[in-house]
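**Student:** Predicted coordinates and the sequence they were generated for:
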Amino acid sequence: MPITFDNIAGGELAEKFSMALAQIGRNIIDPNMDPEAARGMTINLKFKPSKAGTIQVAFNIRTKLAGIAKTETVFLIGQDARTGRVEMSEYGNNRPAVTGAYDAVPADPGAHEKAFDPDTGEILEEERRGPIDLRSAR
């Protein structure tokens, strides 16, 4: 029986070739992959003769696929002056307007918000009358 690509190792080489070709095809049509990157396939056959007159053949197929396409965007970041919460949003996108990244100060459920001057951000405190008794503040 003559040796052909289709009958090496009972058709295993041809099957691995088909699987690698399908993998390359899926990579090409995937919209997340770099559309202009070159893909490739390497078929490696290694022949090792023995003194007994036989040849041991090892083979493998490697694919080179495109990586994920590079994408850029712009995020806007700011901090809420009242709560201290840092917020981010993506510029020019129809996604939800604000995503909270983290709270600068953990919210204390028992604490009440203090009034502040919106122009300067200064916290307005109630005027104290008389001296402060530090012994009672324990």
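**Tutor:** Noted; the coordinates are in hand. Numbering: from 1, shown residues only.

**Student:** Report the mean per-residue pLDDT for stretch 80-96.
**Tutor:** Per-residue pLDDT over stretch 80-96 has a mean of 78.

**Student:** so how far is it from its chain's centroid?
**Tutor:** 21 Å (CA atoms, centre = their mean, to the nearest Å).

**Student:** repeat for stretch 24-39
**Tutor:** The gap between the average C-alpha position of stretch 24-39 and the chain average comes to 18 Å, counting by CA atoms, centre = their mean.

**Student:** okay, now the domains of the protein?
**Tutor:** If the domains of the chain are taken from automatic domain parsing, they occupy 5-64, 72-108, with pieces of a single domain joined by a plus sign.

**Student:** ok, residue 37 - contacts?
**Tutor:** Residues counted as contacts of residue 37 (CB atoms under 8 Å, 6 or more residues apart in numbering) are 66-67. Quick note: C-beta positions are derived from backbone N, CA and C, even for glycine.

**Student:** Equivalent analysis for residue 40, please.
**Tutor:** 63-64.

**Student:** now it: how far from residue 62?
**Tutor:** 9 Å (CB to CB, to the nearest Å).

**Student:** Secondary structure element for the residue of the chain most remote from its centre, which one?
**Tutor:** Within the chain, the residue lying farthest from the chain centre (CA atoms, centre = their mean) is residue 130, at 59.2 Å. Counting by DSSP states H and E, no helix or strand carries residue 130.

**Student:** same question, residue 31
**Tutor:** Secondary structure assigned from DSSP H and E places residue 31 in neither a helix nor a strand.

**Student:** how many other residues sit next to it?
**Tutor:** Using other CB atoms under 10 Å, residue 31 is surrounded by 6 other residues.

**Student:** Isn't residue 57 up against residue 8?
**Tutor:** Yes: A contact is recorded between residue 57 and residue 8 when judged using CB atoms under 8 Å, the distance being 7.3 Å.
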